[in-house]
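Q: Model the following, please.
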Amino acid sequence: MTLAHAIFLFFAAVLGGALNAVAGGGSFITFPTLLFTGVPPIPANATNTVALWTGLTASTGAFRHRLETPKRILIPLLVSTLIGGTLGAFLLLKTSGHTFLRLLPWLMLTATLLFIFAKKLVDRPSSGSPHQLSNQTIAVVTVIELLVGVYGGYFGGGMGIVLLAMLAGAGMTDIHSMNALKTILSSATNGIAVVAFIVARAVFWPQALVMILGAMIGGYFGAHYSLRLPARAVRWFVILVGTGMTIYFFVRAY
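A: Sure, this is the predicted structure:
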């Protein structure tokens, strides 16, 4: 890794960590940056997950006072997301670099579309307080979270948007409380994937350490200053980057 690559990765991680704290879509910045600096596809995804996970944990500290989810909902969701994240990470490690590059454009397209239609997915009528959810509803949401966890452990782009949509559909209305729970679940999914990637020695540590520092800075300040940022401009920036990266990887793969 050259000094120029290190500087490039650091600032990409700062931006990616901030975007994840504010609106999501940080992987649109950081993952391609790793590829552009010469990291192979599977290690790039693993290294990206390790780096952005630190940004998520920094955001968790900022949102911790808004977590109001009862334990009868939180515990099943955490167990489900840990199982899903483990399965997703295992699938990634069993995927060849060539196959992943063929899948990557479709994964990027999915994440971009999720981001574009995020508002329609999240702004849905809700049934009231999450404290009033039936056991049947909790069971359904837990199964959905298992699938989201698999996706998150494998790639994870747009995972936060899916989580917000799921929580809105389940009956949560406070966006700050939803963001707090989304951050907890995302941290758990990526955290278990981080362990799997480290054990499998799939992480490029020089790049990861540089990006960890950047992601922590971006995640912390992004969470604390999110209300001061122009949300519309941030959203369009992520959409444009996601669309551009999707087109690039389609051209590269096919």
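Q: Name the nearest residue to residue 110, sequence neighbours excluded.
A: residue 158 (6.6 Å; CB to CB, 6 or more residues apart in numbering). Where you see a C-beta, it was placed from the backbone N, CA and C, and this is true even at glycine.
Q: count of neighbours near that neighbour?
A: 25 (other CB atoms under 10 Å).
Q: Could you do residue 178 as well?
A: The burial count for residue 178: 24, using other CB under 10 Å.
Q: and what of the one 10 residues further on?
A: Residue 188 has 23 neighbours, counted by other CB under 10 Å.
Q: Contacts only, for it.
A: 78, 81, 82, 85 (CB atoms under 8 Å, 6 or more residues apart in numbering).
Q: where do the helices sit along the stretch 1-150 of the chain?
A: 3-22, 27-36, 41-63, 71-93, 97-116, 118-122, 135-154 (DSSP state H, counting those that start in this stretch).
Q: for the contacts of residue 188, which one is nearest residue 202?
A: residue 85 (14.7 Å; CB to CB).
Q: pretty sure the closest one is in contact with residue 189, am I right?
A: Yes: the criterion here is CB atoms under 8 Å, and residue 85 meets it with residue 189 at 3.9 Å.
Q: which residues do these two both contact?
A: 149, 152, 153.
Q: follow-up on the earlier one: would you list the buried entries among the contacts of residue 188?
A: Applying 16 or more other CB atoms under 10 Å to these, the neighbour count classes 78, 81, 82, 85 as buried.
Q: so the first one makes contact with residue 185?
A: Yes: contact between residue 78 and residue 185 holds when scored by CB under 8 Å: they sit 7.2 Å apart.
Q: list the contacts for residue 249?
A: Contacts of residue 249 by CB under 8 Å, 6+ apart are 101, 104, 105, 108.
Q: give me that answer again for 6 Å
A: 104, 105, 108 (CB atoms under 6 Å, 6 or more residues apart in numbering).
Q: Please tell me which one of those residues counts the most neighbours.
A: residue 108 leads the contacts of residue 249 on contacts (other CB under 10 Å) with 26 neighbours.
Q: still on that earlier bit, would you mind putting the contacts of residue 249 into TSV with pLDDT and distance to residue 200 alongside?
A: Formatted as TSV, the contacts of residue 249 follow (pLDDT from 0 to 100; distance: CB to CB, whole Å):
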residue	pLDDT	distance to residue 200
104	85	19
105	87	25
108	83	23
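Q: now, which of these sits nearest residue 14?
A: Nearest member of those to residue 14, counting by CB to CB, is residue 108, at 21.4 Å.
Q: Could you double-check that residue 54 sits in contact with residue 215?
A: Yes: the pair residue 54 / residue 215 is scored as a contact, 5.1 Å apart, by CB atoms under 6 Å.
Q: Pick out whichever of those two has more residues nearby.
A: Between residue 54 and residue 215, residue 215 has the larger neighbour count (other CB under 10 Å), namely 35 against 25.
Q: Quick check, the more buried one in contact with residue 19.
A: No: distance between residue 215 and residue 19: 10.3 Å, which falls outside the contact criterion (CB under 6 Å).
Q: where does the stretch 151-254 of the chain have low pLDDT?
A: By pLDDT under 70, the low-scoring segments of the stretch 151-254 of the chain are 170-177, 222-231, 234.
Q: re earlier: of the helices of the stretch 1-150 of the chain, which shows the lowest average pLDDT?
A: If you rank the helices of the stretch 1-150 of the chain by mean pLDDT, helix 118-122 sits at the bottom with a mean of 58.
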